[in-house]
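**Q** Coordinates only, no sequence provided:
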């Protein structure tokens, strides 16, 4: 079905074939990862040209891209004159080498249309994401037991990663974008939630080293601070994204109020969003609710406010659509979306909830059901 | 000093400037990571053009690459006519957009010469790598205490990752190459060491899922099996690479014999390698020693033998030089090299040692001193 969709897009684009070589799209198209190329003609069966990795019976071995045309001829495939390459992801040198090797009349981009296709999940993909969400929720149930008096956010993060791995996390956490680096997810405590991020993550955190400016930064889990747990759920290749907020003792009233407003936004999302809702409207409604509660200045950050409230999830953590004020995308069935309206309260930390939702034919299904209130870790 | 070296190379290449945007090279050139560009003219001070991340006083804010020329003019820098971009790493679309925005007369590649420069470490870089090695060794000293009867390689791997994190691992483990994915490092037990890898890692392991075919695969740590621990040491941005072999009870004689041959190879490396040694010779000598011991057919794998015995380490785990039979590179002072002659014994697993070495003016310094014998984890 995935291959059929790709082929339909190739024909619409007037392309004879596309050539896939990035891990995420290889896995999407073939269900496996190897070094080499998946050649998908507009009509007929895809061919896997394998440089390194397991060689199946129907595969062709290849040492260098200069052999591609020779292999296509051997397999009785016509020479493609209009090809699409992953121009948004493979390097300029790799793309030019492929163009020289295949000498097509025209060469266009496959990255964008594959991201568009990947936005809509099929039954198998949804099932994988459901499994990730279930294991993610199970792992989060252990959170109150992780806490120890006086620990730092880093100690908490390390223990949390171990819990995620023991619940089956595969480890690697894939992102779209050449310089998006993240490790397992983030624990944000206190004013680290205000740190400016060089990456397109909401509430990134400062990190512990200039070489990796994201996440926990050594802040102690002290009385009156919130602890935001926002880990990536790589329990299957389909990534769940769930955030819950915990407290060390009692937080200030504003923190609880802001957290409740985040839950209100989720209640609105769950009851009102459905196929046809513009993504920009979701951002707009959230901003309006934040404003009505006098919380606009701490919505999605303080000094540095992220201009989105959610994003698609799938093989990468930052898939389409993105819920931004200027998006022209429309919510549709079979999208899977992490919705994460959050607040930052200076001196306390971040509050709010993130769930992974499936868009159904008629509305929204929450794949990450887990108590949404702020849980006090001291009282446990 | 790094900037001076880059500028010298720019002048040699007849380039007016290079524009850096990948995380590793940004960190190498500026000591920090942001989304944006570091513009390095052949003469004069570099400029940081920051799209997202902390803005220092001397930086310029930028929203899109189309503003680069305008900012250069504002900073009274002449328009560059010959530029180098990281064409081996940034996407075709990103490179073409930069070319259109800057409209240079010529545009060449910066990726290759930056990799060449990064091959030689300065005193600060060496110190960082020394710190990584020291912490890595400390973490490995805990290995015998991790083992529990009946555990799987995955359980061992998860516990090992937690140990590495608690010893200060920053988490992210950077590689060169668009589709090289690895998570923290590998634990290889029994016949998983024979698995074919789609990646350029020696003895990759099958992994636990088709979406990430590397590393532990669920093999039980049973009597008579070897446990190869090959984790990446990301304790500083400079990555150490150390492998030690453990046993569950007694292994077959061939396993101990092969392991001793690996140690012999290290003894040869430590006493004979010095500036001037051809990288291909190192591979050749190792292959010859393996052959003399009748172990050529299980050197660096069995069914799938890796055609290298070591590689540079630094900000990425697979830096230059690579110790292959066909390399034309020559060992030189201030290179930092992970030397990893390994064997795979069917039915038992992998054996051998990997150390991280510094090439000095006169020879080799081992940065990863730790007992090299096979340690029995049951007897502990």
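**A** That came through fine. No experiment lies behind these values; they were computed from the predicted model shown.
**Q** Mind telling me which residue of the stretch 101-250 of chain A is nearest chain B?
**A** Chain B sits closest to residue A:198 of the stretch 101-250 of chain A, with a gap of 3.0 Å, by C-beta to the nearest C-beta. To be clear about C-beta, it is placed using only N, CA and C from the backbone, and glycine gets the same treatment.
**Q** what is the mean pLDDT for stretch A:352-370?
**A** Throughout stretch A:352-370, pLDDT has a mean value of 98.
**Q** Start and end of it, how far apart?
**A** Start-to-end span of stretch A:352-370 (C-alpha to C-alpha, to the nearest Å) is 13 Å.
**Q** Return the residues in contact with the closest residue to residue A:273 other than its chain neighbours.
**A** Leaving out its chain neighbours, the residue that sits closest to residue A:273 by C-beta to C-beta, 6 or more residues apart in numbering or on different chains is residue A:364, at 5.2 Å. Residue A:364 makes contacts with A:269, A:270, A:273, A:274, A:357, A:358, as judged by C-beta atoms under 8 Å, 6 or more residues apart in numbering or on different chains.
**Q** Now list the buried members of those residues.
**A** Burial by neighbour count, 16 or more other C-beta atoms under 10 Å in any protein chain shown: within the contacts of residue A:364 this picks out A:269, A:273, A:357, A:358.
**Q** Please identify the helix or strand for the third one.
**A** Which is residue A:357. strand A:355-359 (DSSP states H and E).
**Q** what separates that strand from the chain centre, distance-wise?
**A** Centroid separation for strand A:355-359 versus its chain: 12 Å, with C-alpha atoms, centre = their mean, to the nearest Å.
**Q** quick one on the thing from earlier: the residue of the stretch 101-250 of chain A closest to chain B reaches residue A:213, doesn't it?
**A** Yes. Contact criterion C-beta atoms under 8 Å: residue A:198 and residue A:213 qualify, at 5.7 Å.
**Q** Mind listing the shared neighbours of the two?
**A** Contacts common to residue A:198 and residue A:213, judged by C-beta under 8 Å, 6+ apart, are A:204, B:33, B:34, B:53, B:54.
**Q** Determine the longest helix present in chain A.
**A** helix A:253-272 (DSSP state H).
**Q** In that helix, which residues are buried?
**A** For helix A:253-272, burial by neighbour count (16+ other C-beta under 10 Å) applies to A:254-256, A:258-266, A:269.
**Q** Please list all residues in contact with the most centrally placed residue in chain A.
**A** With distances taken as C-alpha atoms, centre = their mean, residue A:317 lies nearest the centre of chain A, 1.1 Å away. Residue A:317 sits next to A:173, A:174, A:175, A:182, A:232, A:239, A:241, A:311, A:338 when contact means C-beta under 8 Å, 6+ apart.
**Q** contacting residues for the third one?
**A** When contacts are counted by C-beta under 8 Å, 6+ apart, residue A:175 is found next to A:181, A:182, A:316, A:317, A:318.
**Q** Could you find the closest non-adjacent residue to the residue in the stretch 251-380 of chain A that chain B sits nearest to?
**A** With C-beta to the nearest C-beta as the measure, residue A:315 is the residue of the stretch 251-380 of chain A nearest to chain B, at 7.9 Å. Leaving aside its chain neighbours, residue A:315 sits nearest to residue A:24 (4.9 Å; criterion: C-beta to C-beta, 6+ apart).
**Q** All the strands of the stretch 101-250 of chain A, residue numbers only.
**A** Along the stretch 101-250 of chain A, counting by DSSP state E, counting those that start in this stretch, strands occupy A:106-109, A:185-189, A:226-233, A:240-247.
**Q** could you dump these to a markdown table with mean neighbour count and mean pLDDT?
**A** Below are the strands of the stretch 101-250 of chain A laid out as a markdown table (neighbours: other C-beta atoms under 10 Å in any protein chain shown; pLDDT from 0 to 100):
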| stretch | mean neighbour count | mean pLDDT |
| --- | --- | --- |
| strand A:106-109 | 17 | 98 |
| strand A:185-189 | 28 | 92 |
| strand A:226-233 | 26 | 96 |
| strand A:240-247 | 26 | 98 |
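**Q** how about the helices of the stretch 151-300 of chain A, start to end?
**A** Counting by DSSP state H, counting those that start in this stretch, the stretch 151-300 of chain A has these helices, from start to end: A:153-166, A:253-272, A:279-292.
**Q** out of these, nearest to residue A:104?
**A** helix A:279-292 (34.9 Å; C-beta to C-beta).
**Q** Which secondary structure elements does the helix or strand just after that closest one sit against?
**A** Of the helices and strands lying after helix A:279-292 in sequence (DSSP H and E), the nearest is strand A:310-312. For strand A:310-312, the packing partners by 3 or more C-beta pairs under 8 Å, 6 or more residues apart in numbering or on different chains; DSSP states H and E come out as strand A:319-322, strand A:336-339.
**Q** Ok, which of these comes nearest residue B:286?
**A** So among these, strand A:319-322 is nearest, using C-beta to C-beta, at 45.0 Å.
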